[in-house]
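> Pasting a predicted model and its sequence here:
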Amino acid sequence: MRALPGRASRTSLPSSVTRATVKEDQRRRILRATGQLVAERGYHAVTVELIVKHARVSFKTFYGHFSNKEECFVELFETVMAEARERMEVAVERERESGAPWPQQVAAALRALFDVLLSDPLIARASIVDAPTVGPVMIDRYQEAMSGLTPLLREGRKLVPNADDLPPTLEDTLAGGLLWSAYQRLIVGEVDRIETLLPDAVVFILRPYVGEREAARWAKWAEERPAEGEGEEAASAGS
């Protein structure tokens, strides 16, 4: 599973540093610097000069990895969205293997998504808030990221007696609304309130398929479920 830029760099470098590991560390620092600067200043106020200064690399090193700022930001966005997608897929597969019902699979997926956002709020803000402002190249990728939940959500139609009456674009609308809610919090800097969105997000997504009361039940389940890794940490501490 790929990590958000910078996460791996918090550990010590291997004792045998190679050219490959040095380049990997440089790329990670460039991506992280880009994300932090974009989150703080906005995409259009960030220059390559600022990125190389913040990442502590040379212009030559930057251009050895990326042809321009846009290419760098696109990779950052795709890295964040790839991790979110992978974590959600792992969460859903885990629930399926245990025989969990569809609403629980969705609730687990949403919990995994919010765990990613909370694990690195600055990078999440750059990816969700600023990505749509970059230009045409990012619009398609942003829309694709929003529709990543669509196949899973579409399975919920099996639970609806009159599924044919549901709008054909319902799943895309729900997925888009989910990111829009996160966008609203992040754009005003309410990073610490993102977690409070989780129960509302679960209800918002599940309500059309299972109704308000059942959706609220699964929202409570998602809210009380430990974040990824917390269970393992607690077990390690108790051993």
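Yes, it's here.
> wait, isn't residue 27 in contact with residue 62?
No: look at residue 27 against residue 62 with CB atoms under 8 Å: they stay out of range, at 9.7 Å. For glycine as for every other residue, the C-beta is placed from the backbone atoms N, C-alpha and C.
> who has more neighbours, those two?
Taking other CB atoms under 10 Å, residue 27 and residue 62 do not tie; residue 62 has more neighbours (23 against 20).
> for the host helix or strand of residue 49, packing partners?
Using DSSP states H and E, residue 49 maps to helix 48-55. In terms of contacts (3 or more CB pairs under 8 Å, 6 or more residues apart in numbering; DSSP states H and E), helix 48-55 is packed against helix 19-41, helix 59-65, helix 69-97.
> which residues touch the residue nearest the centre of the chain?
Taking CA atoms, centre = their mean, the centroid of the chain lies closest to residue 84, which sits 4.0 Å from it. Residues near residue 84 by CB atoms under 8 Å, 6 or more residues apart in numbering: 112-113, 116-117, 145, 148.
> Check what pLDDT it gets.
Residue 84 carries a pLDDT value of 89.
> Residue 143: neighbour count?
Residue 143: 13 neighbours (other CB under 10 Å).
> what about it, which SS state?
Classification of residue 143 using DSSP: H, G, I helix; E, B strand; the rest coil returns helix.
> From residue 67, how far out is it?
Distance of residue 143 to residue 67, computed by CB to CB, to the nearest Å: 24 Å.
> so what are the domain limits for this structure?
With domains defined by automatic domain parsing, the chain comprises 8-65, 74-238.
> now the shortest one, how far from the centre of its chain.
In terms of CA atoms, centre = their mean, to the nearest Å, the centre of domain 8-65 is set 20 Å apart from its chain centre.
> about what we covered before: kindly reformat the helices and strands packed on helix 48-55 as a markdown table and extend each row with distance to residue 204.
Converted to a markdown table, these look like this (distance: least, CB to CB, whole Å):
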| stretch | distance to residue 204 |
| --- | --- |
| helix 19-41 | 25 |
| helix 59-65 | 39 |
| helix 69-97 | 16 |
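> between the helix holding residue 49 and helix 19-41, what angle do the directions make?
With axes from the mean of the first three to the mean of the last three CA atoms, to 10 degrees applied, the angle from helix 48-55 to helix 19-41 works out at 110 degrees.
> Next, the angle helix 69-97 makes with helix 48-55.
Going by the same axes, to 10 degrees, helix 48-55 makes 50 degrees with helix 69-97.
> Return the helix or strand in the chain with minimum mean pLDDT.
When each helix and strand of the chain is scored by mean pLDDT, DSSP states H and E, helix 230-238 comes last, with a mean of 41.
> low-scoring stretches of the protein, by residue?
Counting by pLDDT under 70, the chain has low-confidence residues at 1-4, 6-17, 188-195, 227-239.
> thought residue 73 was touching residue 134?
Yes: using CB under 8 Å, residue 73 is in contact with residue 134, at 6.2 Å.
> which one of these two has more residues nearby?
residue 73 (26 against 19).
> Tell me who's in contact with that one.
34, 38, 43, 126, 130-131, 134, 138.
> would you turn those into JSON lines with distance to residue 105 and secondary structure?
Converted to JSON lines, the contacts of residue 73 look like this (distance: CB to CB, whole Å; DSSP: H, G, I helix; E, B strand; the rest coil):
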{"residue": "34", "distance to residue 105": "34", "secondary structure": "helix"}
{"residue": "38", "distance to residue 105": "33", "secondary structure": "helix"}
{"residue": "43", "distance to residue 105": "35", "secondary structure": "helix"}
{"residue": "126", "distance to residue 105": "29", "secondary structure": "helix"}
{"residue": "130", "distance to residue 105": "31", "secondary structure": "helix"}
{"residue": "131", "distance to residue 105": "27", "secondary structure": "helix"}
{"residue": "134", "distance to residue 105": "32", "secondary structure": "helix"}
{"residue": "138", "distance to residue 105": "29", "secondary structure": "helix"}
